[in-house]
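Colleague: using only what follows, build the 3D model:
(chains A and B)
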There are 2 protein chains.
Amino acid sequence: MNRIPFEEVRRHLESVLLRLGFDRGRAGLCARLFAETTCDGVYTHGIHRFLRFVAMVRNGAIDANAAPHRVAGFGALERWDGRSGPGNLNAYAAMDRAMALSRAHGLGCVALGNTNHWMRGGTYGWQAADAGLIGICWTNTMPNLPPWGGTEPCIGNNPLVIAVPRAKGAVVLDMAMSQFSYGALESYRKRGEMLPLDGGFDVEGKLTRDPGAIEASLRPLPIGFWKGSSLSIVLDTAAAMLSAGKATHQIEPESLRETAVSQVFVAIHPGAIGGSETIADEIVASLHRCAAAEPGKKVRYPGEQTLRTRKENRRLGLPVDEAVWAEILAS
Amino acid sequence: MNRIPFEEVRRHLESVLLRLGFDRGRAGLCARLFAETTCDGVYTHGIHRFLRFVAMVRNGAIDANAAPHRVAGFGALERWDGRSGPGNLNAYAAMDRAMALSRAHGLGCVALGNTNHWMRGGTYGWQAADAGLIGICWTNTMPNLPPWGGTEPCIGNNPLVIAVPRAKGAVVLDMAMSQFSYGALESYRKRGEMLPLDGGFDVEGKLTRDPGAIEASLRPLPIGFWKGSSLSIVLDTAAAMLSAGKATHQIEPESLRETAVSQVFVAIHPGAIGGSETIADEIVASLHRCAAAEPGKKVRYPGEQTLRTRKENRRLGLPVDEAVWAEILAS
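Modeller: Numbering: from 1, shown residues only, chains lettered A, B, ... in the order given. Next up is the predicted model:
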């Protein structure tokens, strides 16, 4: 891994996007969101995902300069058409709009159809929390997970993000409904390691910690077994209904063609009814007091590690695979 | 188990509540919600929980006739004080208010502090869905689950409910953040059975399927390990912040004194922006087409089994433990 300064990474990504035809402001924001994702430690969806994003702009799945368009609205609830624009720019605009609605109405909701993979979902949670708002958002995906009781990937891993503002560090959940992503399975397999916990079924339908066996069966586990499977289904249903966009079963199950996904963005304005961040501080303190399973360690709140990683990567530079970086420079 | 007709159960519960001093309308609704919970197959939180509810009215933890009171509001976002009223009546009123707000603003949110256990959370999801609305609600609880990386019960199992309307049967998720409840662990142990999956740690910190070993360690598993732990924390933080109520770490960890919990109720009005239930029908159909793990079975959508159980229990009568029923009749 190379370590490359944040600003240098951002600038290089921006030039690639400009050469691809992105308008200047859009190239700048898109590059920043990719760099911030790596900076925050979500390496699978930052710089290392950038070339796949570029390929989807080139193959026409992503329309570089298509901006989302409002198609319906009633009070604090709106539906927008993502017009096949870049997923991270669309999601950022949708959360921004939900935030504006929440400032006017106490809360706001934007349903976004016909958009693309939002890359790191946590981005839009931090976006709301950094502005003092609670952010809740989710997306559907192509079918990549068998529902509980099923053997085929009929549901999505549909990430859910919930972020609560806190001056000393927002409390941010960003989780997909699969216990281990295919990326994680691949990493374990390449390192020759077993998973720390059962991660799916093998081809014979037995629970296993063997990452390769799960890649072969295409049967990773939903979190909480039947529970995460149900959560995935209900999130997909709400997203498709509100956005009038595609449901998971209608999305092309192919990595460079996974497009027209549906998303929901909700912002809630606690300050409008006197909500105080002290409550979040006290919860964090209570977790830090909780007896830890490993001596010398502390129980962490969701988002705590992100802040540490962010600081470290800002100081040392962003870790980037050398081959990937060479390819980006040549793009 | 006896089978007792729905209306007979409801009427008996109502008379007990009237004798306890509940106002007439409140006794009727409260009794109906308990009977419906059993009717829908959530036996732990229906009639079989009624005597514990009665004990909490008697010990003063629940104030029979305290109705929730609006303390702050901004547009579609409101905060209500539950004034230690009955949890199911308070929750029903809060969702009802969120629903009214959603009809005026597209969506609405009511945060409710200082309330009591809402019994079955799914009740308020069905309430919204039956009116053609998306209902999202969650509650915190007393500390009853160790966070990931911790050994003490510092977080709650904080149930989350998401319901999407559908004329042929709403899609309703109702899940706690523990993989198995203490009630479920007890049932398995009494039947002399192992859990079908790892359900927690034993006192030595090893994952186990032995229900008794988990009851002894007080270390049941959160769903999805670190993921459900994080979801529980973020839901608690949002609920306490919006309601200005207690967070899990401030709630008395004792079953007849678990009170002053915090809850959030969100209703979204898909019809206001032209949301169509056909999308939900198509998702249900796609799940029914998915290859099933067991031959002859079908993958189910969340809420599907509830409808079947509801119909059967309406026809055959509600299953009630004879001893419990005798005690209710004598109350």
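Colleague: name the residues of stretch A:86-106 that are buried.
Modeller: A:86-99, A:101-106 (16 or more other C-beta atoms under 10 Å in any protein chain shown). Where you see a C-beta, it was placed from the backbone N, CA and C, and this is true even at glycine.
Colleague: can I get the least confident helix or strand in chain A by mean pLDDT in PDB, CA atoms only?
Modeller: Least confident helix or strand, chain A: helix A:182-190 with a mean of 93, by mean pLDDT, DSSP states H and E. In PDB, the C-alpha atoms belonging to helix A:182-190 read as follows (Å, rounded to 0.1, in the frame of the first residue of the first chain):
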ATOM      1  CA  TYR A 182     -18.400 -10.800  -0.900                       C
ATOM      2  CA  GLY A 183     -15.400  -8.500  -0.600                       C
ATOM      3  CA  ALA A 184     -14.800  -9.600   2.900                       C
ATOM      4  CA  LEU A 185     -15.200 -13.300   2.000                       C
ATOM      5  CA  GLU A 186     -12.600 -12.800  -0.700                       C
ATOM      6  CA  SER A 187     -10.200 -11.100   1.700                       C
ATOM      7  CA  TYR A 188     -10.500 -13.900   4.200                       C
ATOM      8  CA  ARG A 189     -10.000 -16.600   1.500                       C
ATOM      9  CA  LYS A 190      -6.900 -14.800   0.000                       C
END
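Colleague: what's that helix packed up against?
Modeller: helix A:211-217 (3 or more C-beta pairs under 8 Å, 6 or more residues apart in numbering or on different chains; DSSP states H and E).
Colleague: centre of the chain to the helix it packs on, how far?
Modeller: 24 Å (C-alpha atoms, centre = their mean, to the nearest Å).
Colleague: which other residues reach that helix?
Modeller: By C-beta atoms under 8 Å, 6 or more residues apart in numbering or on different chains, the surrounding residues in contact with helix A:211-217 are A:180, A:182, A:184-186, A:188-189, A:193-195, A:199-203, A:208, A:220.
Colleague: and that helix, what's its mean pLDDT?
Modeller: Per-residue pLDDT over helix A:211-217 has a mean of 97.
Colleague: what does stretch A:115-132 give?
Modeller: 98.
Colleague: mind checking pLDDT for the nearest residue to residue A:270 once chain neighbours are set aside?
Modeller: Spatial nearest neighbour of residue A:270, excluding adjacent residues (C-beta to C-beta, 6 or more residues apart in numbering or on different chains): residue B:241 at 5.3 Å. Looking at residue B:241, its pLDDT is 98.
Colleague: picking up where we left off before, give me the residues contacting the least confident helix or strand of chain A.
Modeller: A:44, A:144, A:180, A:194-195, A:199-200, A:211-212, A:214-215, A:220.
Colleague: how far is whichever helix or strand comes after it from where the chain is centred?
Modeller: Counting by DSSP states H and E, the element after helix A:182-190 in chain order, helix or strand, is strand A:200-201. Remark: strand A:200-201 is offset 23 Å from the chain centroid, using C-alpha atoms, centre = their mean.
Colleague: so which elements touch strand A:200-201?
Modeller: So strand A:200-201, by 3+ C-beta pairs under 8 Å, 6+ apart, packs with strand A:207-208, helix A:211-217.
Colleague: mind listing what's buried in the longest one?
Modeller: By neighbour count on 16+ other C-beta under 10 Å, the buried set for helix A:211-217 is A:211-215, A:217.
Colleague: check contacts around the closest residue to residue A:229 other than its chain neighbours.
Modeller: Residue nearest to residue A:229 in three dimensions, not counting chain neighbours: residue A:148, with 3.8 Å by C-beta to C-beta, 6+ apart. For residue A:148, the contacting residues are A:222, A:225-226, A:229-230, B:299, by C-beta under 8 Å, 6+ apart.
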